[in-house]
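>>> Got a predicted model here, sequence first, then my questions.
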Amino acid sequence: MKQLETAYRAEISAFRQARVGQDAADAWHYLERAHILSQQVLRLHLHAHAAMLTFAISRREWREARGQVLRLLLAPLGALLGRIPLGNTGRASVSAFVPMPIPEELRHVLGQEQRK
């Protein structure tokens, strides 16, 4: 759990640096990675979506903001039902219900090493 939280905080820190540097593409990239890491811990998962919502609002990305509100509402239910789609980037442009490939460098943190 500590390794997961440390990795999550590193992605959030990278997001904040990209945001300060006004690099929206990198900022979203790091938020997506943070979201992937957060999915197994509801507190972190909600934090990731709240950060995405705040960032979307700051950029006046209203479609994304609406999607994040929906995901903030769905995350607790998904956790309760055990229906979290691992690897999902959490953005409004992708279905909230579809698992996605986990980036190789995040697999070990999530205990999802590639099987041979």
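That came through fine. Numbering: from 1, shown residues only.

>>> check which helix or strand covers residue 99.
Secondary structure here is read from DSSP states H and E; on that basis residue 99 sits in neither a helix nor a strand.

>>> okay but it is in contact with residue 87, surely?
Yes - under the criterion of C-beta atoms under 8 Å, residue 99 makes contact with residue 87 at 5.3 Å. No exception for glycine: its C-beta is placed from N, CA and C like everyone else's.

>>> Run through the chain and note the low-pLDDT ranges.
Using pLDDT under 70 as the threshold, the predicted model of the chain has low-confidence ranges 113-116.

>>> List the contacts of residue 22.
Applying C-beta atoms under 8 Å, 6 or more residues apart in numbering, one finds that residue 22 lies in contact with no residue.

>>> next one: residue 26
Taking C-beta under 8 Å, 6+ apart as the criterion, residue 26 is in contact with 14, 18.

>>> In the host helix or strand of it, which of the residues would be classed as buried?
If you go by DSSP H and E, residue 26 is part of helix 24-38. Along helix 24-38, the positions that meet the burial threshold by neighbour count (16 or more other C-beta atoms under 10 Å) are 27-38.

>>> mind listing what the most centrally placed residue in the chain touches?
Centre of the chain computed as the mean C-alpha position; nearest residue by C-alpha atoms, centre = their mean is residue 35, 1.4 Å away. When contacts are counted by C-beta under 8 Å, 6+ apart, residue 35 touches 45, 48-49, 52, 88-90.

>>> Looking at these, state which has the most neighbours.
Neighbour counts for the contacts of residue 35 were taken using other C-beta atoms under 10 Å; the highest belongs to residue 48, with 29 neighbours.

>>> surely it meets residue 90?
Yes - Residue 48 is in contact with residue 90 according to C-beta under 8 Å; the separation is 6.3 Å.

>>> so what sits against both of those two?
Here residue 48 and residue 90 share the contacting residues 31, 35, scored by C-beta under 8 Å, 6+ apart.
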